[in-house]
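Output the structure for:
(chains A and B)
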Amino acid sequence: MDKHGVFRVFSKRITKENFKSILVQNIVPIMFVILCLVAVRWSGKPLAFLLQEVVFRMSRNSFLVLSLVIPVMAGLGLNFGLVIGAMAGQAGLIFVAARQIPGVLGLLTACLVALPLALGLGYMIGRIMNMARGREMIAGMILGFFMNGVYQLVFLFGIGTVIPFSNKSMILPSGIGLRNTVELGTIRWVLDELLMVRIGPVRVPLATLALSAVLEVLITWLYRTKLGQDIRAIGQDMRVSQVAGIQVDRTRIVAMMISTVLGAFGQIIFLQNIGTLNVYDSHGQIATFAIAAILVGGATVSRATVGQALLGTFLFHLLFIVSPYAGQNLLGSAQVGEYFRVFVAYAIIAVSLALHSMQRARAQAAQKH
Amino acid sequence: MKKIPRLCCLLLCVLLIVSLLASCTPEEQPEPVDEPGGEVPAPFKIGIVTGTVSQGEDEYRAGEQMKERYGDRVIHVTYPDNFMAEQETTIGQIAGLASDPDVKIIAICQGVPGTAAAIDQIRQTRDDIIIVVVSPHEDPAMIDKKADLALDVNNLARGAAIVRLANAMGATKLLHYSFPRHMSMELLATRRQQMEEECERLGMEFIFVTAPDPMGPDGIPGAQKFILEDVPRQVEQHGKDIAVFSTNCGMQEPLITAALEHGAIFPEQCCPSPTHGYPGALGLDVSGIAGDMPKIVAAIEEKIVEKGGAGRFATWPVPINMALLRGGIELAILALEGEAELTNMEDISRILEQETGVSVELQRYSEDGNLFLALVGSVIFGLDN
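Numbering: from 1, shown residues only, chains lettered A, B, ... in the order given. Okay, here's the model as predicted:
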């Protein structure tokens, strides 16, 4: 079934001969597994709690992490512009919260409101990425900062002045701008509780997980289509693809649009689980953490699979859950675990980016010889 | 051959789960000591969530103080330094405390974003936990309903209170230093408004002076230099019975220095606490007495009196968040033991007065809510001397 290898975690099949090179290539997930093992051992937390936390974190984060796969395949690198998709998702949620639309209908409305915004923004990001070819990641990150300014302008100044807003309880007393917290009471846990199954002491939100599973199947399916083949081709070599008659620019824009829309939906799924929306911060580091997770799974700037995304989400969040407790138990200080966790999260991004560059340089050198 | 990568994944997962199980063997979970002669089993545990020292030392130290008071009954964890962006971790940390069935009280200070979500998550499985939130960052109207007890400083009422205090200390004029960025913040602008109104009511003159923004091109040093130069000018123009106040933390130290030197009145810092501005302005080394507020207050008093500022300098006698956190926990313990009521004004006042050592004025945020806003009486240095 997995003909195109999108489910695969390791890049090659393991044989005796290439064992060492596979070890080197997958050093990041291997390091993380070891770290997780140590941290889990020392956290001293009950199994039920850890499983419950991991299940919930997987359910709310998988979708966001999966939305990174397509741009990587298209050679656009890691999509730091995911925050922009998240902002579109939040706009949808704010609309639903203002109208107090309940239940699944509310969730669907949020998606519907977010969809055109995300498509438009995705198109814009794609256009800019085409201009900033070769520097997509830093362009995406800066675009995220830029859009954050626009977002704040709209919701902090636009609401109540340019944009009429009926729900007065969500607005600051001065009548302009949204309050910093929006309660998502009407759609809180709507998706999670659609199909909540209890396995032993752990509650599993099957519907949310199923949605991520559907996305996985869709991504696999996409690779069998013409568009998917084009995306893979331009990811491998843009020049050759151009010669072969693939519309490179258009395909890259489409890949960006898909990722942005998925990011918007991912943020809606994420926040319906959290239950409150921090209007000005919720999207802040969505991209950084999703990217860290996919890197932890062994993905690189140019290669990412669904399997890596899921393994990465699992490992990254497991470490996030246990490391503060492990730090506390090992060193007897509540804060050391926190510093340790922060250090690991950012170090892993730096290490994976550096390793990837080294591996690529080595591969290029090998080709020359 | 093709199965091998998937096999590896499976192996990894199995390994992880095995280690999870290994970490959860019964020996890891200390059983309550029940044997005769042994310690009496602790009736319940208290979970405390604060920032790390790099975020705000006061709260972390208050958590440590509670740990000293109640020993192993206290589980102290921290929320992320980068709490604005890492809500999930905050939620995980708070909810993690509830995974221990012995935990019956969870106190969070400060209530950073994610607190409300964590309360919701805890409530799904546990309704026997008392949740105390100190200094909520999220919308107060929401925390008012979600927490069992929420405590915060009554920042709005402080406006009038500062003017009344200055008046009692003999001031005829009040000088308010601030800058546009602060004045666009609703709370600070409203407080200024209230100060102005209270001044009018008491027949005092309200003077507003725009200082350079410390976030501006001159930075904090520029703003501090301005204060050091401007206070003597103002004292010369308006006389010594002028009370000075600034909305910015960085300006407190030069403000105290200049007021002391030129004889102005200083009723309160922007964030009232004995350790805010005073030790630096007075060249006081508090390293030996860190955390011991009565000693720090006494040391400040001695210096102020020595420099001739008796009766003209004041502050709150405690770092308020510390007192609110300790008080909130003590009240929750009493409530669990059936000796106090969580949302009873008298009980809250009593406990807070016990923790602060001075009178506390309480105000309820909404009629049937659980958020209480506290205003603490001031200590005026050298008043009795």
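
could you list every residue that touches A:I128?
A:A139, A:L143 (Cβ atoms under 8 Å, 6 or more residues apart in numbering or on different chains). In short, each C-beta sits where N, CA and C put it, glycine included.

With B:L174 instead?
Residues in contact with B:L174 (Cβ under 8 Å, 6+ apart) are B:V163, B:A166, B:M195, B:C199, B:M204, B:E205, B:F206, B:I207, B:I242, B:A243, B:F245.

A:G327 reaches A:V342, doesn't it?
No. In this structure, A:G327 is not within contact of A:V342 by Cβ atoms under 8 Å, at 10.8 Å.

quick one: which of the two has more around it?
A count of neighbours by other Cβ atoms under 10 Å in any protein chain shown puts A:G327 above the other of A:G327 and A:V342, at 23 against 16.

ok, that one - contacts?
A:S333, A:V336, A:G337, A:E338, A:Y339, A:F340, A:R341.

got the residue ranges for the helices in the stretch 51-200 of chain B?
B:57-70, B:87-98, B:115-125, B:140-146, B:155-168, B:180-183, B:186-202 (DSSP state H, counting those that start in this stretch).

Any chance of the ones you listed in JSON lines with distance to chain A, mean neighbour count and mean pLDDT as columns?
Formatted as JSON lines, the helices of the stretch 51-200 of chain B follow (distance: least, Cβ to the nearest Cβ, whole Å; neighbours: other Cβ atoms under 10 Å in any protein chain shown; pLDDT from 0 to 100):
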{"stretch": "helix B:57-70", "distance to chain A": "7", "mean neighbour count": "19", "mean pLDDT": "88"}
{"stretch": "helix B:87-98", "distance to chain A": "6", "mean neighbour count": "25", "mean pLDDT": "89"}
{"stretch": "helix B:115-125", "distance to chain A": "5", "mean neighbour count": "22", "mean pLDDT": "91"}
{"stretch": "helix B:140-146", "distance to chain A": "6", "mean neighbour count": "20", "mean pLDDT": "89"}
{"stretch": "helix B:155-168", "distance to chain A": "11", "mean neighbour count": "20", "mean pLDDT": "91"}
{"stretch": "helix B:180-183", "distance to chain A": "13", "mean neighbour count": "14", "mean pLDDT": "77"}
{"stretch": "helix B:186-202", "distance to chain A": "6", "mean neighbour count": "17", "mean pLDDT": "88"}
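
Point out where the stretch 151-300 of chain A drops to low pLDDT.
Across the stretch 151-300 of chain A, nothing is flagged by pLDDT under 70.

Bridging across strands, which residues link to B:F372?
Taking DSSP bridges, one obtains B:L151, B:R364 as the residues bridged to B:F372.

quick one: contacts for it?
Contact partners of B:F372, counting by Cβ under 8 Å, 6+ apart, are B:L149, B:A150, B:L151, B:D152, B:T343, B:M345, B:I348, B:L362, B:Q363, B:R364, B:Y365.

And the pLDDT for it?
pLDDT for B:F372: 94.

That one and B:A290, how far apart?
As for B:F372, its distance to B:A290 is 29 Å (criterion: Cβ to Cβ, to the nearest Å).

Look up the pLDDT of residue 358 for me, please.
Let's take chain A. Looking at A:M358, its pLDDT is 81.

hm, I was asking about chain B
The predicted local confidence for B:V358 is 81.

cool, and the one 10 residues further on?
If you check B:D368, the pLDDT there is 89.

How many residues are close by it?
B:D368 has 8 nearby residues by other Cβ under 10 Å.

what does the one 3 residues further on give?
Neighbour count of B:L371, defined by other Cβ under 10 Å: 23.

Spatially, and excluding backbone neighbours, which residue is closest to A:R360.
Closest residue to A:R360 apart from its sequence neighbours, by Cβ to Cβ, 6 or more residues apart in numbering or on different chains: A:S302 at 7.9 Å.

distance of that neighbour from B:G311?
As judged by Cβ to Cβ, A:S302 and B:G311 stand 72 Å apart.

in chain A, which spans are helices?
Secondary structure of chain A (DSSP state H): helices at A:19-25, A:27-43, A:47-66, A:69-73, A:82-99, A:103-131, A:136-152, A:206-222, A:226-236, A:238-243, A:248-274, A:286-296, A:306-331, A:334-368.

Out of those, which gets nearest to B:M215?
helix A:136-152 (16.7 Å; Cβ to Cβ).

Verify the stated contact: the residue nearest to A:R360 with A:G235.
Yes. Using Cβ under 8 Å, A:S302 is in contact with A:G235, at 7.1 Å.

out of those two, which sits in the busier spot?
Set A:S302 next to A:G235 and count neighbours by other Cβ under 10 Å: A:G235 wins out with 22 against 16.

ok, for A:G337, nearest residue in space, not its chain neighbours?
Nearest residue to A:G337 in three dimensions, chain neighbours excluded: A:G327, at 2.4 Å (Cβ to Cβ, 6+ apart).

try B:E268
Spatial nearest neighbour of B:E268, chain neighbours left out: B:I162 (5.2 Å); criterion: Cβ to Cβ, 6+ apart.

Report how many residues lie close to residue 259.
Unless you meant another one, I'm taking chain A. By other Cβ under 10 Å, 30 other residues sit near A:S259.

right idea, wrong chain: chain B
Burial of B:A259 is recorded as 25 neighbouring residues (other Cβ under 10 Å).

For the closest residue to it other than its chain neighbours, give me phi and psi.
Leaving aside its chain neighbours, B:A259 sits nearest to B:F266 (4.5 Å; criterion: Cβ to Cβ, 6+ apart). Dihedral angles of B:F266 (phi, psi; degrees, to the nearest 10) stand at phi -130, psi 100.

Let me see the contact set for B:F266.
By Cβ under 8 Å, 6+ apart, the residues touching B:F266 are B:A243, B:V244, B:F245, B:L255, B:I256, B:A259, B:L260, B:R312, B:F313, B:A314.

Same check on B:T90?
Counting by Cβ under 8 Å, 6+ apart, B:T90 makes contact with B:V49, B:Y79, B:P80, B:F83, B:V112, B:P113, B:G114, B:T115, B:A118.

Then A:T251?
Counting by Cβ under 8 Å, 6+ apart, A:T251 makes contact with A:A74, A:L227, A:D230, A:I231, A:I234.

Swap in 10 Å and give it another go.
Contact analysis of A:T251 by Cβ atoms under 10 Å, 6 or more residues apart in numbering or on different chains lists A:A74, A:G75, A:G126, A:L227, A:D230, A:I231, A:A233, A:I234, A:G235, A:M238, A:S241.

Test my guess that the first one contacts A:A233.
It refers to A:A74. Yes. When contacts are counted by Cβ atoms under 10 Å, A:A74 is listed as touching A:A233 (9.4 Å).

Would you mind listing the residues touching both of those two?
With Cβ under 10 Å, 6+ apart, A:A74 and A:A233 have common neighbours A:V248, A:T251.

More neighbours: the two, which one.
Between A:A74 and A:A233, counting by other Cβ under 10 Å, A:A74 is the more crowded of the two (29 against 19).

number of nearby residues for the nearest residue to the more buried one once chain neighbours are set aside?
Excluding its sequence neighbours, the residue lying closest to A:A74 (Cβ to Cβ, 6+ apart) is A:A255, at 3.8 Å. Around A:A255 there are 28 other residues, counting by other Cβ under 10 Å.

pLDDT score assigned to the nearest residue to A:I286 once chain neighbours are set aside?
Distances taken as Cβ to Cβ, 6+ apart put A:A86 closest to A:I286, at 4.6 Å, once the chain neighbours are dropped. With respect to pLDDT, A:A86 has a value of 96.
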